[in-house]
Each structure stands twice: as C-alpha cells, then as structure tokens.
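> Quick check, what structure comes out for this input:
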Amino acid sequence: MNWTDAQQYCREKYSDLATLDSIDDVRRLPDVIGLTWIGLRDDPQSWKYSMGNDTNSWRWSATGGTGRTSRTGYQNWKASQPSGSTESQLCIWMSSGGTWSDAGCETALYFLCYTQTTQTDKTYVLIYMVKKWSDARDYCREHHTDLAMIENDEENKAVAAQLGGYYGWIGLYRVRWTWSDKSQSSFRFWGPGAPQYFHSQEDCVAMRSLHKWDDANCKSEYHFMCHQVLKLKTKLRLKFKTSADITDPASNAQILQQLSVALTRQGWTDFKLKWNAPPRKQEKRTEF
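Now for the predicted structure:
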C-alpha cells in the first residue's frame, strides 16, 4: 500500500504504523523484504504554512521549547517559500525587503536579536557577526532575549528596518519528521546517505535491509509494519476521612475534581477517576 493507506489499515487493525523508540526496538523486528513503511513522515500539509501545534510546524525559538507556538499566526513568506527543497532547510532568514525564506541551519549569516521591553513591546538589533542559526540563537539568549520573534506586520517592518540592505537569521525554525501516533521519540536509524529528500518528494520513511531507514515517495506502494499498544490498567484504592456528606453527588464530584488536579500536578496524564460507594449495611432488626 501507499503510506496513507498503510496508516489507515494499521489504525483499523492495530494501533498505528510502527513507531520505533530505540535500537532495542529495531533488534526485535522481523526481517524485511524490500522497502517497508514505518510511521515516520514529514507531511507538507502539516508544516508548510503552519504555525500550529504539530511537532514539525514552524515555531519561534523563544516559544518552541514550551509547547506554545505563535500567538498570532503571522507570517510573511517570500514567493515560492518555504521550499524545504533540502533536508537541512529548517531555519528562516529575512531579506531587507522583509520577506522570509528557508535555508540550511548551518549557513553562516548575520542575525537579529530582540529584547522584550514590556509584555507587548520588543526592540530589535542586527548583530554584525556571521553565525549558524543555533549559535546565533545562543548569542541572542545570552545578550538579549532571543532571536527575533515577529508576530505582526508592525514588528516585521521594525526588523526589516534594522537590516539596511543585509539579510539575517530570525527565530523561526522547525524540527523535521513526526511519528504517525504523535510519539515524541527522537530516535533515528538512517541508512548511508539518507535522507536525500529527492526533488522535495520523499516525505515518508521506509526500512531497507538491515532495518536501515530511507526517505521515499509517500505514493509508492510497499509492505508496511504496524504496532499494537498494550494498555495495562492499574487500580488504586484510596481511603480518607472527611466530614463531608459522601452520599451527596455534589460532594463526590468536588472530591474527584480535587483529586484529578492533584494527580495532574504529579505528572499523571492518562487516568480516570470514579466513585465506588460501598453498599450500605442493613440495620439489624430484632424481633420480639
């Protein structure tokens, strides 16, 4: 099947297309014949113009580590950009005209930092040093707030005014590849020379011999590998003393809500709470 049909089949029959978290997962795999789809993909529909919450969407350096992306969704791409024509074009520079283009993050360019002066106001400065994107980000974080974050047309014009005919890095970037089941696994097992991103058409990942990975055209039809998540249930019984009337449904709901908040603060994410009231003891009757 092609990648999309394989994904649908795995979701109907199992959990999803295979997610691999470690070399131990790879060692457990059966031998494969020819190319075999797994669940890794870089879908252009989810990232090309998206400032959203997908793991491979464009995000600002100042917010990318927090899970929060652009508050306004503002963007000002140059025509035909972003192209994503190579594997490494994951960082963004601005021209003196104010338009944005993607480039390889290892390219050495001038860069623009910003300093947050109030909750809504930022000041921008062009740094006349050439650095790759990650080094530029580190410099801005040390001496200012971060690489330039731009959330409206007024801010974009202010940054462009600093360029004075030059061009430089801003804080927009993305992380390529995401798993079908939304796993956060960063494990990769690329084969020699992979990924190539041939003609910007290889957005899905398949395994070759020795389970090495390669990027391939998502429309191609290959074997595929699914995974099944085994869900284990654990029951916890809580006993506590309270002066509240625990036969009152409103009191029950309030207690469950408070327990839910407490568990969430402790890092629990997948849980359900319900109230099991013990059967009432029948009063002994004495017959005369």
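
> Please make it C-alpha for all contacts and neighbour counts, starting now.
OK.

> Now do the same contact list for the closest residue to Cys10 other than its chain neighbours.
Nearest residue to Cys10, sequence neighbours excluded (CA to CA, 6 or more residues apart in numbering): Asp16, at 4.7 Å. For Asp16, the contact set (CA atoms under 8 Å, 6 or more residues apart in numbering) comprises Gln7, Gln8, Cys10, Gly39, Ser180, Asp181, Cys226, His227, Gln228.

> Could you rerun that using 6 Å?
By CA atoms under 6 Å, 6 or more residues apart in numbering, the residues touching Asp16 are Cys10, Cys226, His227.

> What backbone torsions are found at it?
Taking degrees, to the nearest 10, you get phi -170, psi 180 for the backbone angles of Asp16.

> What about Arg27, how many residues nearby?
Neighbours of Arg27 under the rule other CA atoms under 10 Å: 11.

> pLDDT wise, what is it at?
For Arg27, the pLDDT comes out at 93.

> swap in Pro278?
61.

> what ranges of the stretch 1-150 of the chain fall below the confidence cut-off?
Scanning the stretch 1-150 of the chain for pLDDT under 70 picks out the ranges 64-69.

> which residue ranges form the helices in it?
3-13, 23-27, 44-47, 61-64, 133-143 (DSSP state H, counting those that start in this stretch).

> Reformat the ones you listed as TSV; add distance to Ser186.
Below are those laid out as TSV (distance: least, CA to CA, whole Å):
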stretch	distance to Ser186
helix 3-13	20
helix 23-27	12
helix 44-47	18
helix 61-64	16
helix 133-143	18
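
> between the ones you listed, which one is nearest to Leu112?
Proximity to Leu112 (CA to CA) singles out helix 133-143 among the helices of the stretch 1-150 of the chain, at 8.1 Å.

> mind listing what's buried in that closest one?
By 16 or more other CA atoms under 10 Å, the buried positions in helix 133-143 come out as Trp133, Ser134, Ala136, Arg137, Tyr139, Cys140, Arg141.

> The longest helix along the chain - contacts with which helices or strands?
The residue-count maximum for a helix in the chain (DSSP state H) belongs to helix 249-265. Judged by 3 or more CA pairs under 6 Å, 6 or more residues apart in numbering; DSSP states H and E, helix 249-265 is in contact with no other helix or strand.

> wait, Gly165 sits on Gly98?
No - between Gly165 and Gly98 there is no contact under CA atoms under 6 Å: 10.4 Å.

> more crowded one of the two?
Neighbours per residue (other CA under 10 Å) separate Gly165 from Gly98, with Gly98 holding more: 19 against 10.

> Grab the nearest non-local neighbour of that one.
Closest residue to Gly98 apart from its sequence neighbours, by CA to CA, 6+ apart: Ala160 at 5.0 Å.

> Wait, a helix at that neighbour?
Yes - judged by DSSP: H, G, I helix; E, B strand; the rest coil, Ala160 forms part of a helix.

> Could you check how far it is from Trp268?
45 Å (CA to CA, to the nearest Å).

> Regarding Met225, what are the backbone dihedral angles?
Torsion angles at Met225 (phi, psi; degrees, to the nearest 10) stand at phi -120, psi 130.

> Now do the contacts for it.
Per CA under 6 Å, 6+ apart, neighbours of Met225: Ala18, Ile38.

> got the contact list for Cys113?
Tyr124, Val125, Cys140, Asp146, Leu147, Ala148.
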